[in-house]
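Peer 1: no FASTA, just this:
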């Protein structure tokens, strides 16, 4: 008896949706084993990382806050990946968007008005798009591999941020700590406490807080827009064709160069928007610790979400849970915080490994039967 | 600027450049075979903690180097199985490997924080390092000299041996190599394993030569610089040596620019020096990619999964 | 798909109901004279051998002093920024009555949480913002730095001392100034070279920076970082150095001449006692050698006259006869910031944002 990989007639839709879920489950099992082997409480680690955040209501706020940038960036990356364009510089675009918005914020520190926050958000969008335009330009003009160039630009962006935050943009009243001034009231994203709202509207006895900020809501709106765009618009069609059949795309009149530009501007802009949301929301300022690797984790989110906007939302929430759970595991089990990376990476490993199940079927066959009885192999 | 200062700078730069030299050598071989492994940072960290733990437990730095290489290789096999046997996307898998290696090293390293280990003694006796020239040539740790040997070995292997030729062929045109009868997958497995071993030794250089302490993220992003270095050096081993010291010099200037006093290094802010390796790499990329059609000096199959049509 | 949705909804509703009930359950338990829950957040690993090790040792000391009247827990390696807000909020939600944040970078996050939980007492280490339920506690580190400066000034041959600094916050600036002022009191030619590495804990960077300082001619070194990397490097290079936060001589048996040992125990024990007794006040505490908040490790491996000079400075702080911040003190531009006969006030020290004459470096 042995296993045989048999190519499917067409990709399995069941596997397409089952494999992300399966990856998460297998990660929980294997993760528990690995942690136990190293000497920690394996089951406890899995519980704290994956279950405890959902089971603790006051953590939902933290999950939402973490999921929002992951989803927003992930949605943009998913579009690019569908077009077989690899923007791995999202972290840099995120930082530059945040810088651009912060720049406007510094200029408007003493001003008031409803126009301030939107202009910061728009600046963030544009900043991220501009940073994304650089790999696009390098690819279309100089044929430079966009994976490498966008990655390099990320580190340039981080050093640029360090320069500004420790120098010209330092808060004069911050006693020389390298951080920008806190955003003013007019520069802060409005937020709403969902629990209190429900409590007041329906009278349910909920206490505690579940505060969501405008960025979270806007992210969900953008996800819906992107879903419609990808499913119904010419752009969505263009992206998918360019990604899966470049020759056909050329015949159909879709310029690959144009697609590259659009994809980088879009994903860069969304990453930049995520950046300025973080500044005007959870962070309230920029500091040396601002880069949180959302741009890289969002790649995992995009894959885990099967490059589909709705899938990205679910994947973003799952990954956000591991972020929050990592904290809880640290509090309760003294597990190092960075070990949540083991879970996050494993989910992607198992997902990538299980990809093959979408295109191939695993079958048990008995030891070599007579040659005549072998099934004809379907053409590759 | 006096001679003593110059010598001190050279010695510091050589030491600081060695980790990225090792890691870049490994990545160069991997990429020459057509595989883009972005998990270098993760593999370096795994090597670093493996080396640290080994010395802490056994007191033997030589064993630590071997263990670090083995650890880096082992972890790289996750990447290899996924990308070669399961045709997974190389970029995503490499990034996951980085995140995994970082987390794993932190987890294992938790028990080793706050401990100090014994490092390598210098190879040559102190007497040889009495005069300035002697100091520049003879005052390094064994790993530094080993890195020179590895550069020569890799250059010789790639350019002068049949196996090296096959590896390069696999990277330039995998379908043709396959049709001639070479095992593309087999060669790539070996290349990835080598890359992992080198990255592991590069990581081991941190605790064994530079800082005999452990902290999470000890390598501080050097893995990414190593990836940039391979591109910057145009995928040529000997240029890698020069490039590594060039990058090391830039990071030393970054530190000097942070220090006080009027030093010419303050023409750029320290962050400018830090960003320069990446900017230089982009410029080099643009130049070589534009001058030849289809990517310049990069191996033609870089990053593409190999799917045999037969 | 429909099943999944319904299940999710029921699960969410159930969890919400449970979460709603929790505070009620909690209040009942708290009324039964529970031990005081205390939370600590540390900016680095507890076994860094320096800053965080000292805090953790003090926490243990407090636990021993107060027995089962208190329980405490800590979270280490908490990054400054919104992550720290999450952790502090966690402690607050878990029912802590007293929370200590042990690094200045937590200040803004702590103030945010303090606003939402007015019944919980917050203590901010080396902080400077105020609220009805927030107090700041600080050690007169400059007292220890002046001992170090005295020894450095006498041991140096090149008359250049290296200072591995982190962020140009007042605590660090004060350390540099005190070091330079004390050294130049015994050696008027002494100068200090500063390098800012913008991190509290990064052994590889710290070792690199220490190397850079030594390359540039410093033959004595001290640092403000949390790991013993610089100290260890000095041992290999034969450069006299000094430990910070805790006794770091085990990392440099011959080269580490003394260490400043931060004694946070008195702060923690007193604060906890006050909260238990209901007499806690939102007042700032700024203690030094006299109050037992900072000790020097024994001065070793130096000539007798150097040891005597160091001990004399320590004695001087105890009996009030020595003050490194006594005028005249000039800044780098030559302007007199503290006049002859005057002494820098506590507020001035806590707000220091200029470097004294004799220091090579800018404030960044």
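Peer 2: That came through fine. On a predicted model such as this, the values are computed, not experimentally measured, just so you know.
Peer 1: now do the contacts for residue 178.
Peer 2: Here I'm looking at chain A. Contact analysis of residue A:178 by C-beta atoms under 8 Å, 6 or more residues apart in numbering or on different chains lists A:165-166, A:170, A:287-288, C:167, C:198. C-beta: built from backbone N, CA, C; applies to glycine.
Peer 1: nope, chain C please
Peer 2: Each residue near residue C:178 by C-beta under 8 Å, 6+ apart is listed here: C:141-143, C:145-146, C:149, C:324-325.
Peer 1: please identify the helix or strand for it.
Peer 2: Using DSSP states H and E, residue C:178 maps to helix C:170-186.
Peer 1: residue B:130 - how many residues pack around it?
Peer 2: With neighbours defined by other C-beta atoms under 10 Å in any protein chain shown, the count for residue B:130 comes to 10.
Peer 1: if we can go back for a sec, following element in sequence after the helix holding residue C:178, please.
Peer 2: As assigned by DSSP H and E, the chain's next helix or strand after helix C:170-186 is strand C:191-196.
Peer 1: spit out the contact partners of whichever residue of the stretch 1-150 of chain A sits closest to chain B.
Peer 2: Relative to chain B, the nearest point of the stretch 1-150 of chain A is residue A:142 (4.2 Å; C-beta to the nearest C-beta). Residue A:142 makes contacts with B:285-286, B:289-290, as judged by C-beta under 8 Å, 6+ apart.
Peer 1: buried ones among those residues?
Peer 2: Among these, those classed as buried by 16 or more other C-beta atoms under 10 Å in any protein chain shown are B:285-286, B:289.
Peer 1: in TSV: those, plus pLDDT, distance to chain C and secondary structure.
Peer 2: Output for the buried ones among the contacts of residue A:142, formatted as TSV (pLDDT from 0 to 100; distance: C-beta to the nearest C-beta, whole Å; DSSP: H, G, I helix; E, B strand; the rest coil):
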residue	pLDDT	distance to chain C	secondary structure
B:285	85	28	helix
B:286	88	31	helix
B:289	79	33	helix
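Peer 1: quick one: which of those residues is nearest to residue A:7?
Peer 2: Taking C-beta to C-beta as the measure, residue A:7 sits nearest to residue B:289 out of the buried ones among the contacts of residue A:142, at 35.9 Å.
Peer 1: and the helices in the stretch 51-200 of chain B?
Peer 2: For the stretch 51-200 of chain B, the helices defined by DSSP state H, counting those that start in this stretch occupy B:61-80, B:90-109, B:132-138, B:142-160, B:162-172, B:174-180, B:184-205.
Peer 1: just checking, residue A:175 is part of a strand?
Peer 2: No. Counting by DSSP: H, G, I helix; E, B strand; the rest coil, residue A:175 is located in no strand; its state is coil.
Peer 1: look up how far residue A:285 lies from it.
Peer 2: Distance from residue A:175 to residue A:285, counting by C-beta to C-beta, to the nearest Å: 14 Å.
Peer 1: cool, and residue A:62?
Peer 2: Counting by C-beta to C-beta, the gap from residue A:62 to residue A:285 is 19 Å.
Peer 1: check residue A:270 too.
Peer 2: Distance of residue A:270 to residue A:285, computed by C-beta to C-beta: 22 Å.
Peer 1: let me see the mean pLDDT of stretch C:60-75.
Peer 2: Mean per-residue pLDDT for stretch C:60-75: 91.
Peer 1: so which of the contacts of residue A:178 are in helices?
Peer 2: A:165-166 (DSSP state H).
Peer 1: export the contacts of residue A:178 as a markdown table, with columns for neighbour count, distance to residue B:134 and pLDDT.
Peer 2: Shown next, in a markdown table, are these (neighbours: other C-beta atoms under 10 Å in any protein chain shown; distance: C-beta to C-beta, whole Å; pLDDT from 0 to 100):
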| residue | neighbour count | distance to residue B:134 | pLDDT |
| --- | --- | --- | --- |
| A:165 | 25 | 44 | 92 |
| A:166 | 24 | 40 | 88 |
| A:170 | 19 | 46 | 89 |
| A:287 | 23 | 46 | 89 |
| A:288 | 20 | 41 | 88 |
| C:167 | 23 | 40 | 87 |
| C:198 | 18 | 37 | 85 |
